[in-house]
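Pasted the sequence and its predicted model underneath.
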Amino acid sequence: MPSIKISASVLNSNLAELGKEAAKIAENGVEYVHYDVMDGEFVENITYGSSIQKSILPYTTAKMDTHLMVMHPQRQIKLFADAGSDIITFHVESDCNPDEIIDEIHALGVKAGVAVKPNTPAEAVFPYIEKADMILVMTVEPGYGGQGFIPEMTDKIRLIRAEADRLGKDIDIQVDGGINTETAKLVKEAGANVLVAGTFLFKAENMKTAADSMR
Ligand code: DX5
Ligand code: ZN
């Protein structure tokens, strides 16, 4: 399994000070800023777009992990590549051609992730394991931070890790939603290695200690 990496979601951070919050992520040794993009259509909530992502780049040395919860991700790829994304993840349930969009992301020199919502079976992402750099297993219904982890998602992680092993691909498997010290243990055992946490890291007294407790 690839090494454990942490991605801090700024969704529930102090958005009026996003630059400072992104700086804090790198200062605490966390690898990624997890940037949740919501369009009010794929999910009911609306967050922020590529121009805001671009504006926080100078404040942090952490890599940008862009999670697109939008109905038409193909329209956003170039914008986010230009706004400094290291990885762009789109949903297999969105209105897109996953093979095409992975190629488009790669052509822009960015890593590609494919996300699945809780009610979508693991098999939906099997065709993309060989081509993608990461599979994101949502462990809550996308839309909001601070929700409870859905324990059944560990089975989905196991199925995806088993299929990746069968294909001989050392792919990153990311989990997102309700991740803390306890649930991190469960998802790592199941085969996940990139752990997104928002509330847990930003509400912690010491972000570094909290992040280390998840590793
Ligand atoms: C939810 C987002 C998550 C969210 C995670 O739709 O994709 O990234 O910020 O927040 P917590 O860690 O609070 O569940
Ligand atoms: Zn997310």
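That came through fine. Numbers count the residues shown, from 1 in each chain. Ligands and ions are numbered 1, 2, ... in the order given.

Could you pick out the residues of the protein near ligand 2 for me?
36, 67, 176 (Cβ under 5 Å from the ion). Just so you know, the C-beta spots here come from the backbone N, C-alpha and C atoms, and that holds for glycine as well.

So the longest helix along the chain, near ligand 1 or not?
Assignment by DSSP state H gives helix 153-167 as the longest helix of the chain. No - shown here: helix 153-167 not in contact with ligand 1 (Cβ under 6 Å from any ligand atom), separated by at least 12.5 Å.

In CSV, list the C-alpha atoms belonging to the following helix or strand past that helix.
Downstream of helix 153-167, the first helix or strand assigned by DSSP states H and E is strand 172-176. Presented in CSV, the C-alpha positions along strand 172-176 are these (Å, rounded to 0.1, in the frame of the first residue of the first chain):
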residue,chain,number,x,y,z
ASP,A,172,-3.9,6.0,-3.7
ILE,A,173,-7.3,5.4,-2.1
GLN,A,174,-8.6,8.5,-0.4
VAL,A,175,-11.4,8.7,2.2
ASP,A,176,-13.4,11.8,2.9
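
average pLDDT across strand 172-176?
For strand 172-176, mean pLDDT is 98.

got the contact list for it?
2, 5, 7, 9, 34, 67, 89, 113, 115, 133-140, 153, 157, 160-161, 164, 187, 191-196 (Cβ atoms under 8 Å, 6 or more residues apart in numbering).

Just the ones of those in strands?
Those of the contacts of strand 172-176 mapping onto strands are 5, 7, 9, 34, 67, 89, 113, 115, 134-138, 194-196, per DSSP state E.

ok, which of those residues also contact ligand 1?
Answer for these near ligand 1 (Cβ under 6 Å from any ligand atom): 9, 34, 67, 196.

Contact residues of this structure facing ligand 1?
Within the chain, the residues that sit near ligand 1 (Cβ under 6 Å from any ligand atom) are 9, 11-12, 34, 36, 67, 140, 142-147, 176-179, 196-200.

out of those, which are buried?
9, 11-12, 34, 36, 67, 140, 142-145, 176-179, 196-200 (16 or more other Cβ atoms under 10 Å).

Report pLDDT for the most centrally placed residue in the chain.
When Cα atoms, centre = their mean is applied to the chain, the residue found nearest the centroid is residue 67 (5.2 Å). The model reports residue 67 with a pLDDT of 99.

so it makes contact with residue 89?
Yes - counting by Cβ atoms under 8 Å, residue 67 does reach residue 89; the two are 5.0 Å apart.

For residue 178, give its distance to ligand 2.
11 Å (Cβ to the ion, to the nearest Å).

And residue 151, by the same measure?
Applying Cβ to the ion, the value for residue 151 to ligand 2 is 19 Å.

quick one, what contacts that residue?
residue 186.

With residue 12 as the reference, measure out to it.
Between residue 151 and residue 12 the computed distance is 22 Å (Cβ to Cβ, to the nearest Å).

in stretch 4-24, what's buried?
Under the neighbour-count criterion of 16+ other Cβ under 10 Å, stretch 4-24 has 5-13, 18, 21-24 buried.
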